[in-house]
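Undergrad: mind looking at a prediction? Sequence and model below.
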Amino acid sequence: MVSRVARTRPRLVEAEAMNVVALQAPAPAPVKKVPEPKPETLAEQIRRLQSEAKALARGHVDALKDALLEVERLAAEIGEGGDVYPNGVRELARRFASETDTKVQALMAIVARS
């Protein structure tokens, strides 16, 4: 009977009996050259830059509209804030709120036409 220790003990392999095989990486596949895109003409570059500038301008106008809507909201809150705010500030805020609404509508109408 083999003892329990003998069964679980790893077997030693003599170095002479082991064969070592060197692994080699496969040769790299030839790289296919991708043709370079032809450069933009000056007219194409101008059209692309104009398109990018218009898109940026639209984003800038949207940011202005959002800021004006925030001003309108804050002005309306202050205008209706009661005696906590000085009377002159409340009156000015009320005017801001009513004028800002008109300005935002005009801004949106102009943007819609272009």
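TA: Alright, I've got the coordinates.

Undergrad: mind listing residues that contact stretch 73-87?
TA: Outside stretch 73-87, the residues that touch it by C-beta atoms under 8 Å, 6 or more residues apart in numbering are Val89, Arg90, Glu91, Ala93, Arg94, Phe96, Ala97, Thr100. C-beta coordinates here come from the backbone N, C-alpha and C atoms, glycine included.

Undergrad: residues of that stretch that come out buried?
TA: Within stretch 73-87, the residues that count as buried by 16 or more other C-beta atoms under 10 Å are Ala75, Ala76, Ile78, Gly79, Tyr85.

Undergrad: ok now the helix ranked longest in the chain, how far from the chain's centre?
TA: In terms of residue count, the longest helix belonging to the chain (DSSP state H) is helix 42-79. Using C-alpha atoms, centre = their mean, to the nearest Å, the mean C-alpha position of helix 42-79 is found 17 Å from that of the whole chain.

Undergrad: now whichever helix or strand comes after that helix: mean pLDDT?
TA: As assigned by DSSP states H and E, the chain's next helix or strand after helix 42-79 is helix 87-113. In this model, helix 87-113 carries a mean pLDDT of 92.

Undergrad: can you list the neighbours in contact with stretch 93-110?
TA: With C-beta under 8 Å, 6+ apart as the contact definition, stretch 93-110 has outside contacts at 61, 64-65, 68-69, 71-72, 74-79, 81, 85.

Undergrad: thinking again about what came up before, report the angle between the axes of the longest helix of the chain and helix 87-113?
TA: Using axes from the mean of the first three to the mean of the last three C-alpha atoms, to 10 degrees, the interaxial angle of helix 42-79 with respect to helix 87-113 works out to 150 degrees.

Undergrad: nearest residue to the middle of this protein?
TA: Taking C-alpha atoms, centre = their mean as the criterion, Gly59 is the residue nearest the geometric centre of the chain, at 14.1 Å.
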